[in-house]
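Chemist: Provided below are the primary sequence and the corresponding predicted coordinates.
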Amino acid sequence: MGLHGASRAERYLQKLLVPAFVLSGAVVVSGFFFPEAVGTVVTGRDWLVVSLVFFGSGLSYLAVLPSLADDLDDGSSPGYLLRVRRFGLRETTVGFLARHDPVIVGVPLAVFGTFFLAQVVVPDGTLATVGELRWFVLSELGPLFVGVTVLSVLACLYLLVGPWGDVRLGGPGAEPTYTYPVYFTMVFTAGIAAGIVFWGPAEALFHYGEPPPSFAVEPRSEAAIAPALAYALFHWGFAAWSAYVVVGVPIAYFVYERGAPLRVSTILTPFLGVEDLDSNWCRLVDLLAVFATIGGIATSVALVAEQFLVGIDHQWGVSVDAFGPLLFVAGLTAIFVVSAQSGVHRGIRRIAALNVVLFALFAAILVAVGPRSFVVERGAEAVGTYAVGVVPMSLAVGDAWVAEWTIWNWAWWFSWAPFAGLFLAALSRGRRIRTVVLTGFVATSAATMAWFVLMGATALQVEHTGRADVLGAVEAAGGSEAVAGFPVLEALALGDLLVFLFLALIVVFMTTSADTSTLVVSVLATRRELAPTTGSIVFWGVVQGAVALSVVLTGSVEALQAAAVLTGGPFALVAVIGLVGLFGSFYRHERGRPSLVGKLRSAVADRDAEE
């Protein structure tokens, strides 16, 4: 997977990126830490451009560096389909349509085009229609999402301790392609996107300002702190990540153990057979996966654009004109296209590693300068509240607050499950199923919840003690969550450094999801026997960027996000079908394996016998 070496164009690009990174970095660092040296001559648009050049040149340079490892294969492994093929411009252009499924290419483009045309021509009618569909999904399908989410968590727990966790994907002799730290890094950063930065300081504050009705506490009171933080953990923890695992593990098993193609529709293998995975039902599943992925990424790009621009305004006191969001989306698109076309082994892997390093550095500094005793005490209380209340929280349904928060979250996570689950499956050859679940369900949830405890509790302390009026700033910005992080960080020591790292995390987290989604969409749109080409990667990256630009131009962030979330319902059903097929296949083909509990009992019995 990935590419060995660098193309001629990439070698030329390397020479341009180094001076661009150094020069723009000098300006950005001076502006952050020595603003008097820069003065007020730089406009908001200038700061945006130079910031994008700085982050973009650094990330792109990482992506285009040649690989030291020769990871080309002969095409015998399903992972071959994640290896980007290089062709010349003429061959790429002439053979583009021949290498793609015309339905999976044409239908999403037509749907997005129609959506944005309707948004321009009849914006009120479009918004009303999407709003009605959204409310139908959240209210009427609430029990479906609750039931499937609970089932997903139980399935993950059983795979951890049950007899089938020992199944090694690819056979007993299969070896993992990546070391475990690299494997975890790519799974975590691809699946969480910039949502962890966007909502980290905001969600607990929102619940503090408007507590969940089930806790019956006064808004903005001492008693509201623990429930607010507990619900943030609930919405971003084990239940959320289970959606990716219950889609990814069936795909991985049928790909590596039954020879099915690397597709989301592979989840239907037990019911259709490997030979019939080119049916219309399978094409529909892959088509929905493409739509959900592009819609989800595009709305996320538009949302983080707002957050990044708020950060520039906050740091330098300069406003960015109407072209600001367009510049940011175009710049970010260029970054993730360069990363995606370099393949998994280069850009995607390296930028994911940088992401985790920045994430850990930010967290370490926040621990050092933040309200540690408050974070520890309130964090422990929130974890206890979460642990005690997780069952009633999981089963709650029917009330408006639950629909707007919990059901919305489950629908959003399931709408991302096709691309995140497929990527999890693609990386998991050579891993035991238990390791896959430990990574995609336990380790990722633990990292996410640790972040929400740290960032959420810090924001709550700043708000509750009056060090900053964060909720007031959010209200003044029209209720935008994008504002929340900056007054929190400003209230702390080393605030400039934290804001700098926070802005870097926005760009890097979004890049790690967008480059992965670009590769996954390219795989799904390319004919099954072929790997995607550089031209395909660039095409789908530009499509995702164009959809994000259209969202910004038409002001349809919420409408497209709601439309993308609507796909969460079908994929929740697909997840159930996948689990039925997976456990049925386990029963037929993997019987006789001891469970983890059985192994422990045998070990204890053997020790007692020796004594």
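Modeler: The structure has been received and is ready for your questions. Residues are numbered from 1 along each chain as shown.

Chemist: hmm, Arg11 and Leu65 touching each other?
Modeler: No - here Leu65 lies out of contact with Arg11, judged by C-beta atoms under 8 Å, at a distance of 10.1 Å. Glycine gets a C-beta too; all of them are placed from N, C-alpha and C.

Chemist: more neighbours: which of these two?
Modeler: Neighbour totals were compared for Leu65 and Arg11, and Leu65 leads with 16 against 12 (other C-beta atoms under 10 Å).

Chemist: for that one, phi and psi?
Modeler: Phi and psi for Leu65, reported as degrees, to the nearest 10, are phi -60, psi 140.

Chemist: do you know how far it is from His345?
Modeler: Per C-beta to C-beta, to the nearest Å, Leu65 is found 11 Å from His345.

Chemist: and Tyr61, by the same measure?
Modeler: Tyr61 is 16 Å from His345, by C-beta to C-beta.

Chemist: okay, the two: which has more neighbours?
Modeler: His345 (24 against 19).

Chemist: what packs against the helix or strand harbouring Ala562?
Modeler: Per DSSP states H and E: Ala562 is located in helix 557-565. Packed against helix 557-565 by the contact rule (3 or more C-beta pairs under 8 Å, 6 or more residues apart in numbering; DSSP states H and E) you find helix 102-121, helix 123-140, helix 280-316, helix 408-427, helix 534-554.

Chemist: next SSE downstream of that helix?
Modeler: helix 568-589.

Chemist: for that following helix, give me every contacting residue.
Modeler: With contact meaning C-beta atoms under 8 Å, 6 or more residues apart in numbering, helix 568-589 is reached by 137, 141, 144-145, 148, 151-152, 155, 164, 167, 243, 246-247, 249-251, 253-254, 257-258, 264, 267-271, 285, 288-289, 292, 410-415, 417-418.

Chemist: do the same with stretch 119-137
Modeler: For stretch 119-137, the surrounding residues in contact (C-beta under 8 Å, 6+ apart) are 115, 118, 403, 407, 411, 554-556, 558-559, 562-563, 565-566, 568-569.

Chemist: if we use 7 Å, what do you get?
Modeler: Ala118, Ala411, Thr554, Ser556, Ala559, Ala562, Ala563, Leu566, Gly569 (C-beta atoms under 7 Å, 6 or more residues apart in numbering).

Chemist: now the terminal residues of stretch 476-491, how far apart.
Modeler: With C-alpha to C-alpha, to the nearest Å applied, stretch 476-491 spans 18 Å between its terminal residues.

Chemist: also stretch 584-593?
Modeler: One end of stretch 584-593 to the other measures 15 Å (C-alpha to C-alpha).

Chemist: same question for stretch 188-200.
Modeler: Stretch 188-200: ends 15 Å apart by C-alpha to C-alpha.

Chemist: name the helices or strands packed onto the helix or strand where Val249 lies?
Modeler: For Val249, the element it lies in under DSSP H and E is helix 238-258. Judged by 3 or more C-beta pairs under 7 Å, 6 or more residues apart in numbering; DSSP states H and E, the packing partners of helix 238-258 are helix 142-161, helix 408-427, helix 433-437, helix 444-464, helix 568-589.

Chemist: for that helix, buried residues please.
Modeler: Using 16 or more other C-beta atoms under 10 Å as the test for burial, helix 238-258 gives 238-257.

Chemist: contacts for the one helix or strand Ile351 maps to, please.
Modeler: If you go by DSSP H and E, Ile351 is part of helix 349-369. Residues outside helix 349-369 that contact it (C-beta under 7 Å, 6+ apart) are 59, 62-63, 182, 185-186, 189, 339, 451, 454, 458, 492-494, 497-498, 501-502, 504-505, 508-509, 511-512.

Chemist: now, of those, which are buried?
Modeler: Here, 16+ other C-beta under 10 Å leaves 59, 62-63, 182, 185-186, 189, 339, 451, 454, 458, 492, 497-498, 501-502, 504-505, 508-509, 511-512 buried among the contacts of helix 349-369.

Chemist: and the spatially closest residue to Ala352 that is not a sequence neighbour, what does it touch?
Modeler: Spatial nearest neighbour of Ala352, chain neighbours left out: Thr189 (4.3 Å); criterion: C-beta to C-beta, 6 or more residues apart in numbering. Contact analysis of Thr189 by C-beta under 7 Å, 6+ apart lists Ala352, Asn355, Val356, Phe509, Thr512.
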